[in-house]
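K.L.:
Sequence and predicted model, in that order:
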Amino acid sequence: MTAPTTGYALHPYIGGRTAVLRALADWRAGVPGAPRVVVLTGSPGSGRSHLLTGFLMLCDPEFRGRLPLADLDPSTVPPELPAPAVPSAAGLTAAQLGWLIAEHYGVRADRVEEVYAALGALGGSETVVVPDVDRAGPVRTAGEPARVVREVLAPLAATAGVRLLADVPREFAAELAGALPPGAVQVIDLDEPRWADGPGLVRQADALLGPEAAGVPERPFTSDSSTRRALAEAIARRAGTSPLTVQLAVQSILTGPGAETPYDESLLPSSVGEAVDLHARRLGADPQTLRQLLTPLALAEGDGLPIDLWIRLVNSLAGKDMSAALAHSGALAGPFVESLRPDGEGGPRTLLRLLHPALADDIRAGLPNVRAAQTRIAMTLLEAVPEQDWSKADPYVRDHIAGHTLEAGLLPQLLTDPGLFVHADPVRLRAAIEAVPPTELGAPARTYLRTAPLLTRAQAPAALRAALLETAFVEDGLPEYAEAIHGRLGLDLPWQTLWSVPVSGVGAVATGILPRPEGSGVPVAVLTHTADEEHGPAPSAVLVRGLVQADVPDDTDPAAILHPSEEQRAAARMRLSRGADYVRVWDEAGEKVVATLLSDTPFTAADLSPEGILVVATEHGAKALRIRARASEAAS
């Protein structure tokens, strides 16, 4: 790498961007006149993430020791300070990001909205760097970047004790900066001439073409320094301000057919989309064919598509057999695609994804109808569910079909299958459902949305998700969905919900037996409504209800009910323990949890009959659950 004319060495990771590094170093040092908030922005592919990573190397006390600090321009090196908080927004909701910040600083708050005021009350000066706002959210099309800007970055930026550096898409930069007083914020747009780095793009292209780079073939324009430099300068001129366009141009040249002189400048790309089309033509292929190969990846959710599913979607979206193109897809799609193994180095599962989100933006922009394409994807994913059993579905299909149907406008129609509710990742499914207007959701989806905070908070396995949803369906008057969970899914649930009554103010519950003149007595639950503090010490109301069947007369005298003795409770096959928002049922030895019932509102009362029927109450109502003593431990 050629040194700049100043005599200082270049940052070994960034290789340029001196003006930006100076501004960021001033921000980090808090020099007089430096803004408290810096908004880093630019077009997709402008190198925001790369730049921010290089700057954070200088801010990390451990990593900066590995850098040649004495050789760098002193104005680009921030002072040695404690490492800033760096909560990445990638894949997180605004609320999750807020709680992540709270956890880092040990801030206690009941609601995420209170976190930022509590952070300001710490009394010090806290430095927060938030990267990857454009990648926020578990579902790509649910609009989470906007919520992160408005619900996290805006209150952080408004907190006087916080020094904030945020990497945000350009469409939100002005909004975030406009809410702050003059002088408090600086917007660094990497596409503006003041911050652009033309020489850095030349150095980038030269380094990528050089023989030291991995996998570079020996050709005149790679091994001869003057030829390589001339090509690098041409690539950089055409790329404008985009490091991504430089990278794609080089990779296309290196994977194309060999040549003594590569290509004239007019055949070098000036944009990400042009890099795609020119590469196809270099290989003698139709650019549309390459775009058809890349379209499923441009519409994909999460970390990428399994290879076999990618092949199915290529054929489905193209509406024809693409076997010939797929057979030669390595050289054609190679410069734009990367593979990864999320299960580990030796894992069997390989995913494919586009090299950069800007590629996906360009491919999607070229589609005649994104909603129609997502509809085809959704139908193909549904067909890929074996026997329509979601427990057997590929993890991608199970966890991401909601994201595809959301963009297709079909998600409400999908939200009628208890199997999907139980087996889909609750964080992603919840995010997708929350992006649908509430008036378009049916009753089962509303029940799921109400229950989702419990599912995500507990990181519940499938059996516990099923059990909590089963109870919620009974509470919401959807017994057919509760029965479907028991009858169709084949899960070992820890309980069956017998009934639920929406009576508020129940402060005590007790189980007992109502004697009958003939035959055995009727197991019952006694629900005692505590006095309303607002209206004074009025007599408490008592509701008596059958534990199993609601066949108790309305005029039943609570005094006639026989409650279990201490001896009967001691001999019972299960025990009960209770916290503010959970009730646990243990085996008779008290060594194994048989079931754990969670609640999003505090429990006000709980009792367990000797026969193993649990009765609980919250401020919203009461319910009875028959506990299954042999339920698997995983369900708890």
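P.N.:
That came in fine, so what should we check first?

K.L.:
Just want the phi and psi numbers for the most centrally placed residue in the chain.
P.N.:
Nearest to the centroid of the C-alpha atoms of the chain, with distances taken as CA atoms, centre = their mean, sits residue 138, at 2.7 Å. Backbone torsions for residue 138, taken as degrees, to the nearest 10, come to phi -80, psi -10.

K.L.:
Was I right to think it contacts residue 428?
P.N.:
Yes: when contacts are counted by CB atoms under 8 Å, residue 138 is listed as touching residue 428 (4.4 Å). Any C-beta I mention is one placed from the backbone N, CA and C, and that applies to glycine too.

K.L.:
which neighbours do these two share?
P.N.:
When CB atoms under 8 Å, 6 or more residues apart in numbering defines a contact, no residue borders residue 138 and residue 428 alike.

K.L.:
what residue ranges in the chain score low on pLDDT?
P.N.:
By pLDDT under 70, the weakly predicted segments of the chain are 1-6, 258-263, 343-348, 458, 531-540, 550, 629-636.

K.L.:
can you do 50?
P.N.:
Residues of the chain meeting the criterion pLDDT under 50: 1-3, 344-346, 535-538, 631-636.

K.L.:
mind checking how far stretch 165-176 is from the chain centre?
P.N.:
20 Å (CA atoms, centre = their mean, to the nearest Å).

K.L.:
Now do the buried residues in it.
P.N.:
Within stretch 165-176, the residues that qualify as buried are 165-170, 172-173, 176, counting by 16 or more other CB atoms under 10 Å.

K.L.:
Please narrow the residues you listed to those residing in helices.
P.N.:
Among these, the members falling in helices (DSSP state H) are 170, 172-173, 176.

K.L.:
and which of those residues is nearest to residue 469?
P.N.:
Each of those was checked against residue 469 using CB to CB; the closest is residue 172, at 35.9 Å.

K.L.:
Wait, the closest one touches residue 152, no?
P.N.:
No: counting by CB under 8 Å, residue 172 does not reach residue 152; the two are 11.6 Å apart.

K.L.:
mind checking the end-to-end distance for stretch 594-610?
P.N.:
With CA to CA, to the nearest Å applied, stretch 594-610 spans 15 Å between its terminal residues.

K.L.:
Ok, stretch 59-67 next?
P.N.:
Start-to-end span of stretch 59-67 (CA to CA) is 11 Å.

K.L.:
Give me the buried stretch members for it, please.
P.N.:
59, 64, 67.

K.L.:
which one of those sits closest to residue 354?
P.N.:
Set against residue 354, the nearest of the buried residues of stretch 59-67 by CB to CB is residue 59 (29.7 Å).

K.L.:
Show me what counts as buried in stretch 564-581.
P.N.:
By 16+ other CB under 10 Å, the buried positions in stretch 564-581 come out as 564, 569, 574-576.

K.L.:
So which of those is the closest to residue 146?
P.N.:
Nearest to residue 146, judged by CB to CB, of the buried residues of stretch 564-581 is residue 576 at 45.7 Å.

K.L.:
mind checking how far the closest residue to that closest one other than its chain neighbours is from residue 161?
P.N.:
Taking CB to CB, 6 or more residues apart in numbering, and ignoring the residues beside it in sequence, residue 576 has residue 608 as its nearest neighbour in space, at 4.3 Å. Distance of residue 608 to residue 161, given as CB to CB, to the nearest Å: 49 Å.

K.L.:
one step back: adding secondary structure and distance to residue 612, write the buried residues of stretch 59-67 out as JSON lines.
P.N.:
Output for the buried residues of stretch 59-67, formatted as JSON lines (DSSP: H, G, I helix; E, B strand; the rest coil; distance: CB to CB, whole Å):
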{"residue": "59", "secondary structure": "helix", "distance to residue 612": "58"}
{"residue": "64", "secondary structure": "helix", "distance to residue 612": "61"}
{"residue": "67", "secondary structure": "coil", "distance to residue 612": "64"}
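
K.L.:
what are the phi and psi values for residue 585?
P.N.:
phi -110, psi 130.

K.L.:
hmm, back to that, out of the buried residues of stretch 564-581, the closest to residue 491 would be?
P.N.:
Among the buried residues of stretch 564-581, residue 574 lies closest to residue 491 (CB to CB), at 20.4 Å.

K.L.:
if I read this right, the closest one contacts residue 589, doesn't it?
P.N.:
No: assessed by CB under 8 Å, residue 574 is found out of contact with residue 589, at 10.2 Å.

K.L.:
intersection of neighbour lists for those two?
P.N.:
In contact with both residue 574 and residue 589: no residue, using CB under 8 Å, 6+ apart.

K.L.:
Just say helix, strand or coil for residue 163.
P.N.:
Following DSSP: H, G, I helix; E, B strand; the rest coil, residue 163 is assigned to strand.

K.L.:
Check the gap between it and residue 101 for me.
P.N.:
14 Å.

K.L.:
so what sits against both of these two?
P.N.:
Listed as contacting both residue 163 and residue 101 by CB under 8 Å, 6+ apart are residue 128.

K.L.:
Phi, psi for the residue nearest to residue 576 please.
P.N.:
phi -130, psi 120.

K.L.:
Report the beta-bridge partners for it.
P.N.:
Per DSSP bridges, the residues bridged to residue 608 are residue 614.

K.L.:
how near is it to residue 9?
P.N.:
To residue 9, residue 608 is 71 Å away according to CB to CB.

K.L.:
Can you get me a residue count around residue 239?
P.N.:
By other CB atoms under 10 Å, 29 other residues sit near residue 239.

K.L.:
Next up, the contacts around it.
P.N.:
Residues near residue 239 by CB under 8 Å, 6+ apart: 201, 205, 245-246, 249, 268-270.

K.L.:
And residue 94, by the same measure?
P.N.:
Residue 94 touches 112, 136, 144, 147-148, 150-152, counting by CB under 8 Å, 6+ apart.

K.L.:
if you set the cut-off to 7 Å instead, what comes out?
P.N.:
144, 147-148, 151-152 (CB atoms under 7 Å, 6 or more residues apart in numbering).

K.L.:
do the same with residue 166
P.N.:
Counting by CB under 7 Å, 6+ apart, residue 166 touches 39-40, 130, 133, 153.

K.L.:
Try it again at 6 Å.
P.N.:
39, 130, 153 (CB atoms under 6 Å, 6 or more residues apart in numbering).

K.L.:
Could you check how far it is from residue 574?
P.N.:
Using CB to CB, residue 166 is found at 52 Å from residue 574.

K.L.:
And residue 275, by the same measure?
P.N.:
65 Å.

K.L.:
Assess the claim that residue 408 and residue 374 are in contact.
P.N.:
Yes: counting by CB atoms under 6 Å, residue 374 is a contact partner of residue 408 at 3.8 Å.

K.L.:
ok so, going back, taking the buried residues of stretch 165-176 together, which two end up most distant?
P.N.:
Longest distance between any two of the buried residues of stretch 165-176 is 16.3 Å, between 165 and 170; criterion CB to CB.

K.L.:
now the buried residues of stretch 59-67 in TSV, with distance to residue 121?
P.N.:
Formatted as TSV, the buried residues of stretch 59-67 follow (distance: CB to CB, whole Å):
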residue	distance to residue 121
59	25
64	31
67	36
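
K.L.:
Return the member of those nearest to residue 618.
P.N.:
Closest to residue 618 out of the buried residues of stretch 59-67 is residue 59 (46.9 Å), distances taken as CB to CB.

K.L.:
who touches the closest one in this structure?
P.N.:
Going by CB under 6 Å, 6+ apart, residue 59 touches 78, 84.

K.L.:
Okay, and residue 399 sits in which element?
P.N.:
helix 395-408 (DSSP states H and E).

K.L.:
hmm, who's touching that helix?
P.N.:
Residues from elsewhere that reach helix 395-408 (CB under 6 Å, 6+ apart): 139, 141, 301-302, 306, 371, 374-375, 377-378, 381, 384, 390, 411, 414, 423-425, 428-429, 432, 435.
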